[in-house]
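>>> Below is the structure, and that's it, no one-letter string:
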C-alpha cells in the first residue's frame with residue numbers, strides 16, 4: 001500500500017517531533033536534576049568559608065579581650081554548624097542549605113571527607129587554644145605561640161581543602177552544563193530545521209498561516225514585556241522601592257499575586273525594622289549619655305530630658321524626681337525641663353497623688369492623653385502659644401520601684417512604638433538614678449566604716465593602755481596591801497568603762513548591718529584570706545543561707561558557685577594586689593539552685609590606717625533580663641538577613657527563566 005505524500009510528511013514530522021520532544025524532555029529533566037544536585041554544592045563552599053572566616057575573626061576578637069563575644073554561642077556554634085553541613089553533604093542528607101544528593105564521585109567524597117576532618121581539627125584547635133587562654137589567668141596567649149600557630153595552620157589547611165572542593169564542584173558543574181548545552185543546541189537545531197520545513201510546507205498549503213504567526217508574535221512580545229515588567233519590579237523591590245506598583249493582567253496570575261504579596265511583606269518588614277532600629281538607636285544613645293556623663297546630677301538630668309524631647313520630636317518635656325530627704329514628707333521635684341512655659345516651670349514641687357504627674361507616680365502606670373485640658377499646659381514661642389495634641393506621662397520604674405516621672409507634650413500624636421521606647425528609656429533612666437543613689441549610699445557607708453575602724457583602733461589602744469595600767473596597779477597592790485581597796489575600786493570603774501565601750505561597738509555594728517541589708521544590691525566583704533567576714537540579706541539569699549551569720553568564715557569553695565571559685569578568688573586577689581577597684585564588670589553567676597545568670601559586679605579594696613589592704617568589699621546586681629533582650633534583637637536581625645537571601649534567590653530564578 002502506497003502512502004500519500006501528506007501522510008508521509010505527517011509521519012516524518014511526527015517522528016521528528018517525538019525525537020525533538022524526547023530531547024527537550026531529556027534536557028529539561030537533566031537541567032532540573034543538575035540544578036537540584038549542584039545548587040547546594042555551589043553554595044556550600046562560600047557558605048562554609050564565610051562561617052569559618054566569621055568564627056575565626058570573632059575568635060581573634062575574643063582572644064584580644066572582647067567580652068561581648070561568647071566562645072560557645074558565637075564561635076563554636078559556627079564551627080559545629082559548618083561540620084554538620086559538610087556531614088550532610090557527604091551522607092546526602094537535608095541541611096539548612098538544602099537537600100544534598102549523595103554523590104557517587106569518589107573524588108568529591110574524598111574532598112568532602114578531607115573538609116570534615118579539617119573542620120574537626122580546626123574545632124579541636126580552637127577548643128585547646130580557648131582552654132589555654134582561660135587557664136592563663138586571663139592574661140591571654142602570646143601572639144605567635146604554639147597554639148596560635150596550630151590554630152592558624154588548621155584554619156589555612158581547611159581553607160585550602162574548601163578551595164579544592166569548590167574548584168572540583170565548579171568543574172563538575174561546567175562539565176554537566178557543557179553536555180546539556182550540546183544537547184540544547186542540537187535540540188534547538190532540530191526544532192529550527194523542523195520549524196523551517198514545516199513553515200515552508202504549510203505556507204504552500206495554507207497562506208492563512210500569516211495570521212497565526214502574527215498572533216504568536218504578539219503573544220511572544222506580550223510575554224517578553226511581562227518578563228521585563230516583572231524584572232523591573234523585582235529590581236525596584238530589591239533596591240528598597242516598595243512603593244512600585246505591578247499591574248495585574250488577571251486575578252488568576254499566581255506569580256504576580258505572589259510578587260505583590262512579597263512586596264507587601266517586605267514593606268511591612270522594612271517599616272518594622274525602621275521602628276526597631278529607631279528604638280535600638282535611642283536606647284544606645286541614652287545609654288551612652290547615662291554612662292559617659294561625669295558631671296553633677298543636675299547636668300545629667302538636663303542632658304536626659306533634652307535628648308528624650310528631641311529624639312521623640314516632642315515640643316516640651318519635664319523630669320520629676322522623687323525627693324526623699326524628709327521621710328515623712330516625700331514629693332516629686334522638677335529637676336530638669338525643656339521648653340517649659342514660665343507658669344509651668346514655677347510649679348517645681350508636686351505632691352504624690354496630686355495632678356496627672358502625682359497620680360502617674362502613685363499608680364505606677366503611664367498616662368497618655370489626646371485631649372489635653374487647656375489650663376493644664378501650653379506650648380509657647382515668641383509669637384504665641386497653643387495647647388499640645390498629645391500628652392505622655394511615664395513613671396521612672398525599675399524592679400517595681402518608682403524613682404520619678406517623665407512628662408512629654410507634643411503637637412503630634414505618639415505612635416505605639418514611640419511610647420514603648422519612652423517606657424524603655426524611663427526604665428534605663430530609673431536604673432541610672434538607682435545606681436547613683438546606691439553609689440552615694442555605698443560611699444557614705446565606706447566612709448562610716450573607715451571612721452568606725454579608726455574608732456575601734458583607738459578604743460583598742462585605750463583598752464591596751466588600761467590593761468597595762470591595771471597590771472601595774474595589781475603589782476602595786478601586792479607591794480602595798482594597805483591601798484588595796486582603793487585600787488580595786490578604780491579597777492571596777494575602768495571595767496565599767498570597757499563594758500560601755502563594748503556595748504557601743506556592738507550597737508554600731510548592728511546599725512552598720514542594718515544599712516547594708518537595705519541596699520538594693522547583693523553585698524559581701526572578705527578578709528585577706530578570702531574568708532567571708534559578712535554580707536547583707538540579699539547576698540545570703542543568693543548563696544542559699546538563711547542569715548548572713550551562716551556565711552561567716554566560709555570561702556567560695558563552700559558555695560553553690562564552687563565551680564567558679566578559683567576564678568572569683570583570683571579576681572579578688574588581683575583587686576587587693578593592685579589596690580584598684582573594678583566597677584560594673586559583667587560576669588556569669590550560679591545561685592544556690594544551680595541556675596546561671598548574668599550579674600554586674602563591683603569590687604573595692606579596703607585598707608587600714610597604715611595603708612595595708614586588709615579586706616575586699618564586693619557587690620553585684622542581676623542583669624539577665626537585659627542580656628536576653630539583646631539576644632532577641634540579634635535574632636530578629638538574622639531573620640531579616642534570611643529574607644533578603646530568599647529575595648535574591650527568587651530574582652536569580654526569574655532572570656534564568658527570562659534567559
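Done, it's in. Treat the numbers as computed from the prediction; the structure is a model and nothing was measured. Residues are numbered from 1 along each chain as shown.
>>> which residues are in contact with stretch 107-119?
48, 52, 79, 82-83, 86-87, 89-90, 103, 154, 157-158, 161-162, 164-165, 168-169, 172 (Cβ atoms under 8 Å, 6 or more residues apart in numbering). Glycine gets a C-beta too; all of them are placed from N, C-alpha and C.
>>> run the last query once more with 6 Å
Stretch 107-119 is contacted by residues 82-83, 86, 89-90, 157-158, 161-162, 164-165, 168 when judged by Cβ atoms under 6 Å, 6 or more residues apart in numbering.
>>> what number of residues lie near the residue nearest to residue 94 when sequence neighbours are not counted?
In this structure, residue 94 finds its nearest non-sequential neighbour in residue 88, 6.8 Å apart by Cβ to Cβ, 6 or more residues apart in numbering. Residue 88 has 19 neighbours, counted by other Cβ atoms under 10 Å.
>>> now do residue 515
Residue 515 has 15 neighbours, counted by other Cβ under 10 Å.
>>> now swap in the one 10 residues further on and tell me
Burial of residue 525, expressed as a neighbour count using other Cβ under 10 Å, amounts to 19.
>>> again with the one 10 residues further on
By the measure other Cβ under 10 Å, the count of residues near residue 535 is 28.
>>> next one: residue 554
14.
>>> now swap in residue 654 and tell me
17.
>>> One more: residue 656?
For residue 656, using other Cβ under 10 Å, the count is 9.
>>> helices and strands around whatever helix or strand it lives in, which ones?
Assigned by DSSP states H and E, residue 656 falls within helix 624-658. In terms of contacts (3 or more Cβ pairs under 6 Å, 6 or more residues apart in numbering; DSSP states H and E), helix 624-658 is packed against strand 596-607.
>>> Name the SS class of residue 405, please.
For residue 405, the assignment made with DSSP: H, G, I helix; E, B strand; the rest coil gives strand.
>>> Excluding sequence neighbours, find me the nearest residue to it.
residue 320 (4.4 Å).
>>> same question, residue 52
In space, residue 52 is closest to residue 82, 5.9 Å off (Cβ to Cβ, 6+ apart).
>>> roughly how far apart are that neighbour and residue 45?
Per Cβ to Cβ, to the nearest Å, residue 82 is found 11 Å from residue 45.
>>> Please say which of those two ends up with more neighbours.
residue 82 (26 against 19).
>>> Show the average pLDDT along the helix or strand containing the more buried one.
Using DSSP H and E, residue 82 sits in helix 77-91. The pLDDT scores in helix 77-91 average 86.
>>> do stretch 607-616 as well
For stretch 607-616, mean pLDDT rounds to 87.
>>> Could you do stretch 550-567 as well?
In this model, stretch 550-567 has a mean pLDDT of 86.
>>> can you list contacts of that stretch?
531-532, 535, 543-545, 568-569, 590, 592.
>>> can you pick the most crowded of the residues you listed?
Counting by other Cβ under 10 Å, top hit in these: residue 535 with 28 neighbours.
>>> circling back to that earlier point, among the contacts of stretch 550-567, name the ones in helices.
Residues of those located in helices (DSSP state H): 568-569.
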